[in-house]
Every structure is written in C-alpha cells, then in structure tokens.
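Undergrad: Give the three-dimensional model of this entry:
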Amino acid sequence: MIMLKFFRNLLVSVCFIGYFPIASGTLTSIFSAALYYYLIPPLSALGNLLLIGILLVASLIFVPIIKSAEKDLGHDSRKITIDELIGFCFAVMFLPHTLMVFIYALVLFRVFDIVKPTPINQLQQLPHGWGVLADDIAAGICSNIIIQILLMIFPQFF
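TA: I've put the predicted structure just below:
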C-alpha cells in the first residue's frame, strides 16, 4: 500500500516537482515545456489529433488517481501538478515548434491557470478530480487560441 501511494504521488506530482515549496505549478509547467519541446517532434495535424486522444485517455486514467491523491494531499493540492503537464500540452498543439511559441505559451498558460478567468474558474468545481484537470486543459486551450490569433496578426514575433 505504501508503494502504491508512493507511485501515485510520483505520478500526480510529476516526479515530485509538485512537492517543491514555491511555484510548484510553474516549475512543472517549465518542465512540461522543456519535455515537450525536446522530446516531441513537430507534429502534423493528424499527429496533434492523436496527441489529443492520448491526453484525453490519460485524463480518464488520471481522474481517479487524482481523486485518490486528494484524500491524502487535500482538494486541488498544490502538490498535484499533473494537470499542468496535460494543460501545457494543449497550449502548444497545432502551433509552430519554436522556442518563442513555447515561451509565449508558457507565460499565457500560467496567467490563465493562476488568474482563472470565467469560465475557467467554474471548471474547478467539477467533481471527482475532473475540476483539477479541466481548468488546466481550458487554460491551455485559451492560451493556444490567443497564440493562434497573435501568429496571424504578428508573425514576426514568433
């Protein structure tokens, strides 16, 4: 049982980054950006659609794991940072695979995740671990939409 909790916490805290005492969400987002940038090659539209499917399946798997972790760590604990990893992936899908895009995506994603404008803040109220994931997925999607618009208007900045 102790080993199961250890591995559960390892997963939901993204290799225990969530246990860092300051800015654990931001650190996990930076880790996620680096991981995605260096390990996932630029994807075609079909590749991005496949990644969406993978992330949605991962979300289905993680919801009960998050719910279990919340019993020990507290509701939407700052130690639970897997939502940042999944949310950031949504922030950079269908975008050019450039360092500037990833920097803009990281900044916008963190702003949306921290400020949680409506309706993102309402998603946090979803039950059973869904709220933990849904607000970050929405923050990632909002970040992505803004970058898509900025790319059309100001391509020279990317």
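Undergrad: so where do the helices sit in this structure?
TA: For the chain, the helices defined by DSSP state H cover 2-12, 24-39, 45-73, 82-92, 99-115, 120-123, 130-153.
Undergrad: Of those helices, which is nearest residue 18?
TA: Comparison of the helices of the chain against residue 18 by CB to CB identifies helix 24-39 as nearest, at 4.7 Å. (Glycine included, C-beta is placed from N, CA and C.)
Undergrad: That closest one: how far from the chain's middle?
TA: Helix 24-39 has its C-alpha centroid displaced from the chain centroid by 9 Å (CA atoms, centre = their mean, to the nearest Å).
Undergrad: Span of stretch 117-126 from start to end?
TA: 16 Å (CA to CA, to the nearest Å).
Undergrad: Next: stretch 17-24.
TA: End-to-end distance (CA to CA), stretch 17-24: 6 Å.
Undergrad: Could you list the buried residues of that stretch?
TA: Residues of stretch 17-24 classed as buried: 17-18, 20, 24 (neighbour count, 16 or more other CB atoms under 10 Å).
Undergrad: tell me the most buried of the helices of the chain?
TA: The highest mean neighbour count among the helices of the chain, using mean count of other CB atoms under 10 Å, belongs to helix 82-92: a mean of 26.
Undergrad: Not counting its own residues, what contacts that one?
TA: Outside helix 82-92, the residues that touch it by CB atoms under 8 Å, 6 or more residues apart in numbering are 11-14, 25, 28-29, 31-33, 35-36, 51-52, 55, 58-59, 62, 66, 101-102, 105-106, 108-109, 113, 132-133, 135-141, 143-144, 147.
Undergrad: same thing with stretch 110-121?
TA: By CB under 8 Å, 6+ apart, the surrounding residues in contact with stretch 110-121 are 25-26, 29, 84, 87, 124, 135-136, 138-140, 142-143.
Undergrad: mean confidence for stretch 92-106?
TA: The pLDDT scores in stretch 92-106 average 97.
Undergrad: Excluding sequence neighbours, find me the nearest residue to the residue nearest to the spatial centre of the chain.
TA: Nearest residue to the geometric centre of the chain (CA atoms, centre = their mean): residue 87, 2.3 Å. Distance criterion CB to CB, 6 or more residues apart in numbering; nearest residue to residue 87, sequence neighbours excluded, is residue 136 at 3.0 Å.
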